[in-house]
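Colleague: when you get a sec, could you give me coordinates for this:
(one chain, ligands or ions: 2)
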Amino acid sequence: MTGHNKIEVLTQLVADQIAAGEVVERPGSVVKELIENSLDAGATRIHLDLKGGGILRIRVVDDGRGLPADQISTAFLRHATSKITSLTDLDAIGTFGFRGEALPSIAAVAKVTIRSRTADALAGRLLRLEGGAVVEEQEVGCPVGTDIEVSELFYNTPARLKFLKRQSTEAGHCSDALLRLALQHPEVDFKVTSDGRSTRQLPRVLKIEERLADLFRKEHLIRAEGGHGGIDVLAVLGPPERARAGAGSLYTYINGRFVRDRTLLKAITQAFGGTLESGRYPVGLVALTMPPGSFDVNVHPQKTEVRFVDPGAIYRATVAVIGEMAARAS
Ligand code: ADP
Ligand code: MG
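Modeller: Numbering: from 1, shown residues only. Ligands and ions are numbered 1, 2, ... in the order given. A predicted model of the protein is given here:
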């Protein structure tokens, strides 16, 4: 006879750890969530500091608007968000975050220290959590903004720790998570340090093209922009002969959000006609802007997948704008 297990409601920590499995796959996912929060908070300078590829420690320091002292612990409760209050808001999401899931998920599987101060507060507030539980809260002196440290990721979920790759690989994922966001925010100054060394400096610039030029220094990037059926397409791409195997250096966005979408990637390669070898992708960026109602980002926990109401329209707009550019360049 099989054992009979009593049905019980999961404890909050276990529920948070399960949810964390969706949001927090690796250090790079923590970096993505933290930097999105800094951008949502209006930061103009963001510093990412890694130790041991982010496995030992991830620290993000921003000069954003900070968390009010009386709300800092609330931010670590599940579904605590300052960004939406009703389901109808979901249709008009202008910020990255909206589920109020990131901080509690991260805190459930790591040790977190956050220091934050708003402009109108005389002192800042420090909060320390281990495995989701608050272990310390006190007033501290700190500049306006937020400084958050996530240490010993997965220390209490060893099964997940085993899935992580080498420190250098994880550091690469962290850096790429930052880059995906930095390419949409040329107006923000980004700095990355890793084990005490400076690994990336992206000073603020005026335009996305300038940021891309900083990144792909050796590439001759070509720009194209155009509208088609209510979809605006901006493409800043290297020439087909400099295309790389895989889409790792091709950054694609919908309404400012990094996405990976097969229709879009296919349209980009098709636009180059026969000039691209199969499996190769140009370096650079393609960013689409369309009415919020024409796609759904709420299909994937990490929000990198989208569902389009009319995928054909995406395809046609992309091929039209990039195809014209490819023809011009050849
Ligand atoms: P979400 O971003 O979905 O709202 P999070 O768990 O990522 O959920 O963050 C919860 C809340 O904490 C945010 O809504 C925001 O009010 C606050 N917050 C988080 N990070 C920062 C930050 N760097 N600066 C200011 N406020 C922050
Ligand atoms: Mg968030």
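
Colleague: now S38, nearest residue through space, not along the chain?
Modeller: Closest residue in space to S38, ignoring its immediate chain neighbours: D62 at 3.7 Å, by C-beta to C-beta, 6 or more residues apart in numbering. Where you see a C-beta, it was placed from the backbone N, CA and C, and this is true even at glycine.

Colleague: now do the one you found against A75, distance only.
Modeller: D62 is 14 Å from A75, where distance means C-beta to C-beta, to the nearest Å.

Colleague: ok, D296 touching E305?
Modeller: No - here D296 does not reach E305: they are 9.6 Å apart, not a contact under C-beta atoms under 8 Å.

Colleague: now do the SS call for G226.
Modeller: strand (DSSP: H, G, I helix; E, B strand; the rest coil).

Colleague: repeat for E8
Modeller: coil.

Colleague: quick one, strands of the stretch 51-200 of the chain?
Modeller: For the stretch 51-200 of the chain, the strands defined by DSSP state E, counting those that start in this stretch occupy 57-62, 111-117, 124-130, 133-140, 145-151, 189-194, 197-202.

Colleague: quick one: those as JSON lines, columns for mean pLDDT too.
Modeller: Output for these, formatted as JSON lines (pLDDT from 0 to 100):
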{"stretch": "strand 57-62", "mean pLDDT": "98"}
{"stretch": "strand 111-117", "mean pLDDT": "98"}
{"stretch": "strand 124-130", "mean pLDDT": "97"}
{"stretch": "strand 133-140", "mean pLDDT": "96"}
{"stretch": "strand 145-151", "mean pLDDT": "98"}
{"stretch": "strand 189-194", "mean pLDDT": "98"}
{"stretch": "strand 197-202", "mean pLDDT": "96"}
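
Colleague: any chance of those in CSV, plus distance to V259 and mean neighbour count?
Modeller: CSV is the format used below for the strands of the stretch 51-200 of the chain (distance: least, C-beta to C-beta, whole Å; neighbours: other C-beta atoms under 10 Å):
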stretch, distance to V259, mean neighbour count
strand 57-62, 23, 22
strand 111-117, 28, 23
strand 124-130, 31, 21
strand 133-140, 35, 12
strand 145-151, 25, 22
strand 189-194, 21, 20
strand 197-202, 21, 13
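
Colleague: possible to save those as JSON lines with distance to S175?
Modeller: Shown next, in JSON lines, are these (distance: least, C-beta to C-beta, whole Å):
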{"stretch": "strand 57-62", "distance to S175": "12"}
{"stretch": "strand 111-117", "distance to S175": "21"}
{"stretch": "strand 124-130", "distance to S175": "26"}
{"stretch": "strand 133-140", "distance to S175": "29"}
{"stretch": "strand 145-151", "distance to S175": "16"}
{"stretch": "strand 189-194", "distance to S175": "6"}
{"stretch": "strand 197-202", "distance to S175": "6"}
